[in-house]
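Undergrad: pasting a predicted model and its sequence here:
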Amino acid sequence: MDSAKVRIRRTKKFGRGVFAVKPIKKGEIIAAFDGEIYDDDFEPWTDDLLNHAIQIGPKLWRDSKGLARYVNHSCEPNCGIKSKVKIVAMRPIAKGEQVTWDYEMTEKNDWWKMRCRCGSTSCRKIIGNYKNMPRAIRKKYAGYISEWLIPRQRRKA
Ligand SMILES: [Zn+2]
């Protein structure tokens, strides 16, 4: 499921990240959370799992078998989420650019959050819950927010 146009690289500040090695067009699928599914009864929730699986339902999370779990968050992302698990380019991505998405496009719970240091001028500082995403940003991401948060039938409005 991983695009052949991206690779994992070390970043200066944030550990591993995923970078474009070729130009990527808007709408292209970068990677997907196509791995194990976990519910909130699962044990143990390791830090690794907690920080890399994404939410796909009120009490369901999914990891990836490939690159998806290494794609970093940004408050000015170039990718979004299609269906519940696909990371898709929201705009053209240049060769060398880091691929990012906004973790609040999938997360909605009261117990997970992270401090964001993405450095963008629109950085929201604390990330973790779709409920806190400003209305203007929801609008900007229209069509790229997980279907578990915005069911398809409500997307037409
Ligand atoms: Zn940020």
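TA: It's in. Numbering: from 1, shown residues only.

Undergrad: who's the closest residue to Glu28 other than its chain neighbours bridged to?
TA: With sequence-adjacent residues excluded and distances taken as CB to CB, 6 or more residues apart in numbering, Glu28 is closest to Ala89, at 4.9 Å. Every C-beta, even on glycine, is put in place using the N, C-alpha and C of the backbone. Under the criterion DSSP bridges, Ala89 forms beta bridges with Cys79.

Undergrad: distance of Ala89 relative to Gly80?
TA: Distance, Ala89 to Gly80, using CB to CB, to the nearest Å: 8 Å.

Undergrad: Ile37 too?
TA: The span separating Ile37 from Gly80 equals 21 Å under the rule CB to CB.

Undergrad: same check, this time on Gly128
TA: Using CB to CB, Gly128 is found at 17 Å from Gly80.

Undergrad: and the next helix or strand past the helix or strand hosting Thr100?
TA: Here Thr100, judged by DSSP states H and E, is contained in strand 98-101. As assigned by DSSP H and E, the chain's next helix or strand after strand 98-101 is strand 114-115.

Undergrad: what's in contact with that next one?
TA: Strand 114-115 is touched from outside by 51, 73, 103, 125-128, with contacts defined as CB atoms under 8 Å, 6 or more residues apart in numbering.

Undergrad: neighbouring strands of that strand in the sheet, and parallel or not?
TA: For strand 114-115, the paired strands and their directions (DSSP bridges) read strand 126-127 (antiparallel).

Undergrad: need the contact partners of the strand it pairs with.
TA: With CB under 8 Å, 6+ apart as the test, strand 126-127 has contacts from 73, 75, 102-104, 107, 113-116, 132.

Undergrad: list only buried entries from those.
TA: If you count burial by 16 or more other CB atoms under 10 Å, the buried members of the contacts of strand 126-127 come out as 73, 75, 102-104, 107, 116.

Undergrad: follow-up on the earlier one: who are the contact partners of the residue nearest to Glu28?
TA: 24-28, 30, 78-79, 99.
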